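K.L.:
Kindly return the folded structure for what I paste below:
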Amino acid sequence: MKFVKTMSHNKRELNLHIHAWLGTNMAFHANSHLGHQQCCNANSSCDLHHKVLRDLPRFVKIVEVGPRDGLQNEKKIVPTSVKIQLIRKLVSAADTKDGFEAAVAAGAKEVAVFASASESFSRSNISCTIEESLVRYRDVTAAAKKHGLRIRGYVSCVIGCPVEGTIHPSKVAYIANELYNMGCSEISLGDTIGVGTPGTVAAMLQAVMSFVPVGKIAVHFHDTYGQALANILVSLQMGINIVDSSVSGLGGCPYAKGAIGNVATEDVAYMLHGLGIETNVDLNKLMEAGDYISRHLGRPLGSKTATALALRKLTA
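P.N.:
Below you'll find the predicted structure:
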């Protein structure tokens with residue numbers, strides 16, 4: 001009995017040692033696995049970060065539409081002197097000395113043609129059908145090319161129309177292709193009533209890019225539903241590097257009720273800079289231009305970025 005008891009005791013000790021060893025060994029393997037998992041997670045995070053940013057352009061050209069598209073929907077009449085001062089402030093916000101001097105020497109002339117992907121909107125905005133507008137623009141662009149003028153084409157209602165509702169991407173692609181064949185150096189695709197989302201924008205861009213080189217395409221978003229920056233981001237990921245915007249979010253459309261201003265240039269610049277994308281835009285000077293025109297119009301700043309940075313300065 002004593003022998004059995006001793007064996008039983010030794011067996012318990014052996015089991016304890018085995019369990020202790022297994023516990024230590026399992027802990028070692030668990031720690032090793034955890035370390036490996038953390039390493040993999042770190043690598044995955046790096047890969048994910050790289051995947052998100054790798055296809056973004058290094059430089060984006062911001063086309064400021066505030067003095068025209070931005071002010072067209074303002075009820076208060078803006079004197080020409082104020083418009084000139086606004087334009088001067090906007091020019092000073094961009095590092096475009098060489099380009100500006102070259103443009104002045106060349107006459108700085110450009111022709112813009114405005115088409116629509118919506119038949120109803122075309123009739124209300126430019127008083128003709130889509131096909132009638134294209135006939136007119138062929139004559140205009142032909143004359144412009146004879147005089148060596150640059151041509152920029154615009155397509156309205158690329159996602160939705162205030163009358164017709166959803167616009168099929170194929171309609172947008174057709175108009176964009178026609179403008180491209182006319183010789184437009186850039187074609188700006190406008191979400192006139194701001195109903196686009198990253199999903200609908202991606203589908204529209206894919207259709208257009210089947211006919212028009214990506215380097216010729218610009219995007220023009222209104223922020224009615226708060227989707228403008230998200231739509232710009234997905235556009236960048238698809239290769240677009242030209243973005244229209246309006247200082248202090250000025251704008252709207254006389255023929256599209258409820259379509260609030262264009263996306264604010266300050267917000268676009270802030271996002272692009274945060275992504276490490278060059279714009280040659282001085283955000284502080286841009287904010288000065290936005291503050292200038294907003295004060296004249298007697299309205300609050302239309303840029304969330306400008307509002308936040310202004311408050312930071314006040315509380316600093």
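K.L.:
all helices for the stretch 1-150 of the chain, in order.
P.N.:
2-53, 80-92, 97-106, 119-126, 130-146 (DSSP state H, counting those that start in this stretch).
K.L.:
Just the CA trace of the shortest one, in PDB.
P.N.:
Translated: helix 119-126. Extracted C-alpha coordinates of helix 119-126, given in PDB (Å, rounded to 0.1, in the frame of the first residue of the first chain):
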ATOM      1  CA  GLU A 119     -33.300  66.200 -72.000                       C
ATOM      2  CA  SER A 120     -35.500  68.200 -69.600                       C
ATOM      3  CA  PHE A 121     -32.700  70.100 -68.100                       C
ATOM      4  CA  SER A 122     -31.200  70.900 -71.500                       C
ATOM      5  CA  ARG A 123     -34.500  72.500 -72.500                       C
ATOM      6  CA  SER A 124     -34.800  74.500 -69.300                       C
ATOM      7  CA  ASN A 125     -31.200  75.600 -69.000                       C
ATOM      8  CA  ILE A 126     -30.200  76.400 -72.600                       C
END
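K.L.:
What residues sit buried inside it?
P.N.:
119, 121-126 (16 or more other CB atoms under 10 Å). (Each C-beta comes from the backbone N, C-alpha and C, glycine too.)
K.L.:
Let me see the contact set for Asn55.
P.N.:
Quick fix: residue 55 reads Asp, not Asn. 237, 239 (CB atoms under 8 Å, 6 or more residues apart in numbering).
K.L.:
how about low-confidence regions in the chain?
P.N.:
1-46, 48-52, 70, 73, 95-108, 252-260 (pLDDT under 70).
K.L.:
Nearest residue to the middle of it?
P.N.:
Ile232 (1.9 Å; CA atoms, centre = their mean).
K.L.:
would you put the C-alpha positions of whatever helix or strand that residue lives in in PDB?
P.N.:
Per DSSP states H and E: Ile232 is located in helix 228-237. C-alpha atoms of helix 228-237 as PDB (Å, rounded to 0.1, in the frame of the first residue of the first chain):
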ATOM      1  CA  ALA A 228     -19.100  65.700 -52.400                       C
ATOM      2  CA  LEU A 229     -15.800  64.900 -50.700                       C
ATOM      3  CA  ALA A 230     -16.500  61.200 -50.700                       C
ATOM      4  CA  ASN A 231     -17.300  61.400 -54.400                       C
ATOM      5  CA  ILE A 232     -14.100  63.300 -55.100                       C
ATOM      6  CA  LEU A 233     -12.100  60.700 -53.200                       C
ATOM      7  CA  VAL A 234     -13.500  57.800 -55.300                       C
ATOM      8  CA  SER A 235     -12.900  59.900 -58.400                       C
ATOM      9  CA  LEU A 236      -9.200  60.200 -57.400                       C
ATOM     10  CA  GLN A 237      -9.000  56.500 -56.800                       C
END
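K.L.:
for it, packing partners?
P.N.:
Judged by 3 or more CB pairs under 8 Å, 6 or more residues apart in numbering; DSSP states H and E, helix 228-237 is in contact with helix 198-209, strand 217-221, helix 265-274.
K.L.:
mind running it again at 6 Å?
P.N.:
In terms of contacts (3 or more CB pairs under 6 Å, 6 or more residues apart in numbering; DSSP states H and E), helix 228-237 is packed against helix 198-209, strand 217-221.
K.L.:
if we can go back for a sec, look up the closest residue to the residue nearest to the centre of the chain, ignoring the ones flanking it.
P.N.:
With sequence-adjacent residues excluded and distances taken as CB to CB, 6 or more residues apart in numbering, Ile232 is closest to Val243, at 5.8 Å.
K.L.:
phi, psi of the one you found?
P.N.:
phi -130, psi 130 (degrees, to the nearest 10).
K.L.:
Tell me how many other residues crowd it.
P.N.:
25 (other CB atoms under 10 Å).
K.L.:
Contacts only, for it.
P.N.:
60, 62, 219, 232, 268 (CB atoms under 6 Å, 6 or more residues apart in numbering).
K.L.:
Dig out what it forms beta bridges with.
P.N.:
Counting by DSSP bridges, Val243 is bridged to Ile62, Val219.
K.L.:
Can you give me the distance of it to Tyr180?
P.N.:
19 Å (CB to CB, to the nearest Å).
K.L.:
what's the answer for Phe114, then?
P.N.:
15 Å.
K.L.:
got it, and Thr224?
P.N.:
28 Å.
K.L.:
what does Ser235 give?
P.N.:
18 Å.
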